[in-house]
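Enquirer: need coordinates for the following:
(chains A, B, C and D)
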2 protein chains.
Amino acid sequence: MTTPLLASTSSDSDTRDRSVLRMWLRMLACTNLIEGRVRGALREQFDTTLPRFDLLAQLDAAATEAPRGLTMSELSRRLMVTNGNLTGLVDRLVREGLVTRLVSPPDRRAQMISLTVAGKRALDDMTPAHAEWISDMFGGLSDTERRQLHTLLGKLKRSVQAAAERAS
Amino acid sequence: MTTPLLASTSSDSDTRDRSVLRMWLRMLACTNLIEGRVRGALREQFDTTLPRFDLLAQLDAAATEAPRGLTMSELSRRLMVTNGNLTGLVDRLVREGLVTRLVSPPDRRAQMISLTVAGKRALDDMTPAHAEWISDMFGGLSDTERRQLHTLLGKLKRSVQAAAERAS
DNA sequence: GGCGGATGTTTTAGGCTTATAATAACTCGT
DNA sequence: ACGAGTTATTATAAGCCTAAAACATCCGCC
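Expert: Numbers count the residues shown, from 1 in each chain, chains lettered A, B, ... in the order given. Have a look, this model is predicted:
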């Protein structure tokens, strides 16, 4: 808490804040750019949306450990969205015939959401294309640069989580 | 286009795709984590939303070059959202008294959106807190690491744009 | 002066997302 | 066995977002 001698004087932390802010905006712009292209490609080539794709992919990824499917709560935890959000999303996927809802026998409150054959087929159609879009967009980075970015993002994630704990 | 001798053989590009995908998911997770905290803090501390804040900030940033305000189209271009989206957003901000709509005299189709005094004050209240949240979350990275990240993100952005041009 | 194409904005229909409140079913202690 | 608290899910209200179509105005050309 220094008192500047002149109103126009900026502290060191001000300049640091500004550079951090610029970086954050750049990161946000990159992410939105990539995500927007993925959304657009999913819509144009497969007439679907990113949340739907993510949900199918999550069910498939969990298929080995949970062949009977996942509950709504487990899915919402993994996809990092609220339960209420998931209700509508699953409604639409059921209507499209890509997933099924089965009441869990041991707990009649819960339901197991699982891929139908059509859902698995739709996912298998999309997965290679999805991987290629991402790969293509990151193609301008060398292996070394990608590793560096991966490492830095790991640090960033820990930094954000540490900040969250300080705040709580 | 190599033909694997065994069905289980993965090509080099497959493993590369997987590592790129992992990095992308990490980047997405980081961004969503940070953005989510900013949204939450804006809601709890200022009872507002990120799009509203972004819009006010954009108007303020443009105030020097465009003291009369920005048009809807110009705003939507800068905020990278559709025109239709902006209509509702501006409606709400007008209702809250933070921005004004004035029909542009030279072009009666267009309107100049500008900050009210209350809007400028609300923004000035939020800006330092916003900078501090971001700064705090990036606090675990050294100056060097932040610079590296900034540089890598710059490369990534160019790579994504190059991919977009290849695709079009 | 008026017509045709371009540009600025809103409307519409649909989907995603959240927080909060309500409902339903389970569990545990007594 | 029953009531309290917990957990699983859905309903509701509000906002954000898009694409596509409709509407309004402008500009240039005849």
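
Enquirer: rest of the way, CA atoms for contacts and neighbours
Expert: Fine.

Enquirer: near DNA strand D, which residues of chain A?
Expert: Within chain A, the residues that sit near DNA strand D (C-alpha under 7 Å from any atom of the strand) are A:40, A:71-74, A:83-87, A:109-112.

Enquirer: mind checking pLDDT for the residue nearest the centre of chain A?
Expert: Nearest to the mean C-alpha position of chain A, by C-alpha atoms, centre = their mean, lies residue A:79 at 7.0 Å. Per-residue pLDDT puts residue A:79 at 96.

Enquirer: can you show me the helices along chain A?
Expert: A:12-46, A:50-61, A:72-79, A:83-95, A:117-137, A:143-167 (DSSP state H).

Enquirer: separation between residue A:134 and DNA strand D?
Expert: 18 Å (C-alpha to the nearest atom of the strand, to the nearest Å).

Enquirer: quick one, what contacts the closest residue to that residue other than its chain neighbours?
Expert: Leaving aside its chain neighbours, residue A:134 sits nearest to residue B:21 (6.7 Å; criterion: C-alpha to C-alpha, 6 or more residues apart in numbering or on different chains). Going by C-alpha atoms under 8 Å, 6 or more residues apart in numbering or on different chains, residue B:21 touches A:131, A:134-135.

Enquirer: from those, which are also near DNA strand C?
Expert: Restricting these to those near DNA strand C - C-alpha under 7 Å from any atom of the strand - leaves none.

Enquirer: residues near residue A:55, how many?
Expert: 22 (other C-alpha atoms under 10 Å in any protein chain shown).

Enquirer: gap between the residue nearest to it when sequence neighbours are not counted and residue A:56?
Expert: Distances taken as C-alpha to C-alpha, 6+ apart place residue A:79 nearest to residue A:55, at 7.2 Å, with adjacent residues excluded. Residue A:79 is 11 Å from residue A:56, where distance means C-alpha to C-alpha, to the nearest Å.

Enquirer: residue A:159 now?
Expert: 31 Å.

Enquirer: who's more crowded, those two?
Expert: In this view residue A:159 and residue A:56 are compared by other C-alpha under 10 Å, and residue A:56 has more residues nearby, 23 against 18.

Enquirer: what residues are up against the closest residue to that one other than its chain neighbours?
Expert: Of all residues not flanking residue A:56 in the chain, residue A:123 sits nearest, at 6.5 Å (C-alpha to C-alpha, 6+ apart). Contacts for residue A:123 (C-alpha under 8 Å, 6+ apart) come out as A:53, A:56-57.

Enquirer: reformat those as JSON lines; add distance to residue A:26 and pLDDT.
Expert: Output for these, formatted as JSON lines (distance: C-alpha to C-alpha, whole Å; pLDDT from 0 to 100):
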{"residue": "A:53", "distance to residue A:26": "26", "pLDDT": "98"}
{"residue": "A:56", "distance to residue A:26": "30", "pLDDT": "98"}
{"residue": "A:57", "distance to residue A:26": "28", "pLDDT": "97"}
